[in-house]
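Visitor: 3D model of this:
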Amino acid sequence: MLKNKLLIGTYFIRFTLSLVFIVYFVLKFGHSVFFIFLHSLIIFLLLLGEFLIISGLISTNLYRRKIILKLFVPIIPGLLFTFLIFLYVSNTVMNNLWSENLHIDYLIYLALDFKDFYANTGIKPLWVLSPFFILFFATYSASLFLTRNHAPFFKNSLYKKRKTLALCFLSLILASVSTFLFFWPSEDAKSADPIISFFSMEKYLQKSDSLGISSSIKTEYFDSIDYKNVNKKNIIIIFIDSARAANFSMYGYKRDTTPFLNSLYKDGKLAKVDYFFSTCPESVCGAISVFSSKSRKNFDIYNASNEILLQNILHKLGYKNYFISSCNQGASKWKGLKQSYAEDFDLLIDSNTETKKGEVKLEGGDDKLALFGVNQIPDSDGSPIFTTLWLFSAHHNGKKEKEFYIFNPTEEINNIKDYIAGKIKNTEALVNRYDNGLVQTDYYISQIFEVLKKKGHLDNSLVFITGDHGDALGEDGYYGHGFHLTNNQIRIPLLIYSSDGLELKNSDFASQIDISPTILDVLNINPPKQWEGLSLLGSSKETSNIHELVFSKKEKALIMKKNDKLYKYFYVSNKEGLFDDSAEQRIYELYSDPYEQNNIINSISKDLKNELKREFIEKFDFAEIISL
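Guide: Got it, this is the predicted structure:
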């Protein structure tokens, strides 16, 4: 009887711990009080289901005869309790860092990129895993003590059979209810409750048959190209992962973080777009927006091959296409990034690529790998090439080399202890580390230019140097990228090198969707009519563009140029397809306020505010305006 009471007591303790956590979680991170009830219900159902399964098992004769079953039963509470504590700790960390819950996609990413991620953060896998292993074995041992040689809950044989049958039906009902709670709740629950958000995979794997271009339309477009009058040039796109324009010298930064690029710029060999933006704050969206010339909402992030991509067009023109990355693009398969460029490329190199026998294996995040890849490109035989290069030195997980520690004090590894605590104590070291990464990136770009020149590919060429997204360096308490649309996470550089010189008619305001139309304009090719971007060489200029997160529907932004000012309309709501005038809204003027410190929504005219709203509603295809 004592063991029965102790066993029941463990359920009470675990439920109480979960209740304490969800109350803390809701109060600290500003979620609805409703989630206290919802999460408590989920935990109650999980613990009740566990109790019914265990009580049913230990009441059988099989349990008393089989030692293996006695050893197996305690695994159930051990795994469940450890999983819950893992979620609670992870979600506290994630919300402190990025105001986002942990979901299974992030866990898969970390698992696939485990070695490279932890090698650059200074966190040993043993530090992360050991507490959870200890917790599991402690829970397992306690459960083993309380259930082994345990008297059955139900002593009467007939009563026991009926009770066991009832338990089976009740367990099925609980499983059905739990499944419903996991996969069919509101969007709010999918983003807020720790358990539901972890398992809500359909939120992130939302393939859409309504997006994309049919094969017949693709064929029609390719047949329309005047292949005889193409002005073929070598095309090179260099992505600097996490490149924020604010830390580039050419964008007014006080430090010389890019001496090589500065020298090209001073010599008149680089054109620059002053205010250039990524369509979202993540790699997968940024890359596909460049290749497809579409904003995030208008392509299927998991099926980008149904678009007319830049590399498809160039391949049809006889280009040799090369994709070379310093990071582990294989780890991004689940996000769709690799699918967006795997088609129509003749050479793919990333950290999974085997180097020549006897050479040192280069790790992900090391830009020596990009240099290795460029050296694999054959010497020019007169045929044009299209090369995409992905550099990682500036990324917080990129490998940093001591010879580029120009700005000090700095950190040799990405020390995230302060960020886990939700506080950035040593901002100076953080910024210095990022700037040193840019200096290192600049060096590798100089080496890449040198190799391309020796191989004859820099002649008759067009080189775009840009970012996939930006990065937060502690502004407003945020670190990294992917979870907010703040200016530091989406304003990126665009620098264009042309062997013949290039005069941009639009050098003020543009976005990633404008890169491919500009390339086709130089090549004397009309872009597909489905593309959204405009050539930077044309007289028509972009007046507005839209930005959103990759997975979350919560934040959206419109950036619009009007009357020589650049306005950013920022909107936060979980309602899909419907404009909610009661949702959080902010407006900034980016020319005068690039760090978005002054919300002017209450100081601008009502006409201007309504114009920004109407443009936002039209661009995002909202179905209804509640009020204006």
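
Visitor: phi, psi of the nearest residue in space to residue 383 that is not next to it in sequence?
Guide: Closest residue to residue 383 in three dimensions, ignoring its sequence neighbours and counting by CB to CB, 6 or more residues apart in numbering: residue 320, at 6.2 Å. Glycine gets a C-beta too; all of them are placed from N, C-alpha and C. As for residue 320, its main-chain torsions (degrees, to the nearest 10) stand at phi -90, psi 120.

Visitor: So for stretch 55-65, what gets flagged as buried?
Guide: Of the residues in stretch 55-65, those buried by neighbour count under the rule 16 or more other CB atoms under 10 Å are 55-59, 63.

Visitor: just stretch 82-99 next, same as before
Guide: Applying a neighbour-count criterion of 16+ other CB under 10 Å, one finds 82, 84-99 buried in stretch 82-99.

Visitor: sorry, back to before: the residue nearest to residue 383 reaches residue 381, doesn't it?
Guide: No - with contact defined as CB atoms under 8 Å, residue 320 does not reach residue 381; the gap is 9.5 Å.

Visitor: More neighbours: those two, which one.
Guide: Residue environment comparison for residue 320 versus residue 381 gives the larger neighbour count to residue 320, 18 against 8, counting by other CB atoms under 10 Å.

Visitor: which residues does the more buried one bridge with?
Guide: Note on residue 320: beta-bridge partners by DSSP bridges are residue 385.

Visitor: for it, what are its contacts?
Guide: 346-347, 378, 383-386 (CB atoms under 8 Å, 6 or more residues apart in numbering).

Visitor: Could you measure from it over to residue 380?
Guide: 10 Å (CB to CB, to the nearest Å).

Visitor: on that earlier part again, same list, the buried residues of stretch 55-65, but as a markdown table with pLDDT, secondary structure and distance to residue 43 please.
Guide: Formatted as a markdown table, the entries for the buried residues of stretch 55-65 read as follows, by pLDDT from 0 to 100; DSSP: H, G, I helix; E, B strand; the rest coil; distance: CB to CB, whole Å:
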| residue | pLDDT | secondary structure | distance to residue 43 |
| --- | --- | --- | --- |
| 55 | 77 | helix | 18 |
| 56 | 75 | helix | 20 |
| 57 | 77 | helix | 21 |
| 58 | 76 | helix | 22 |
| 59 | 73 | coil | 24 |
| 63 | 70 | helix | 26 |
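
Visitor: and which of those residues is nearest residue 453?
Guide: Within the buried residues of stretch 55-65, distances to residue 453 taken as CB to CB reach their minimum at residue 57, with 71.7 Å.

Visitor: Hmm, the closest one is touching residue 69, no?
Guide: Yes - between residue 57 and residue 69 a contact is recorded at 6.8 Å, counting by CB under 8 Å.

Visitor: joint contacts of these two?
Guide: Taking CB under 8 Å, 6+ apart as the contact rule, the neighbours common to residue 57 and residue 69 are residue 63.

Visitor: what's near enough to touch the closest residue to residue 543 other than its chain neighbours?
Guide: Take residue 543 and drop its neighbours on the chain: the residue closest to it by CB to CB, 6+ apart is residue 561, 5.4 Å away. Residue 561 is in contact with 508-509, 541-544, 567, counting by CB under 8 Å, 6+ apart.

Visitor: And for residue 268?
Guide: With contacts defined as CB under 8 Å, 6+ apart, residue 268 is in contact with residue 501.

Visitor: Need the pLDDT of it.
Guide: Model confidence at residue 268, given as pLDDT, is 91.

Visitor: Residue 435 in helix, strand or coil?
Guide: Of the three states, residue 435 takes helix under DSSP: H, G, I helix; E, B strand; the rest coil.

Visitor: So what's the residue count around residue 597?
Guide: Neighbour count of residue 597, defined by other CB under 10 Å: 9.

Visitor: Now name the helix or strand holding it.
Guide: In this assignment (DSSP states H and E), residue 597 forms part of neither any helix nor any strand.
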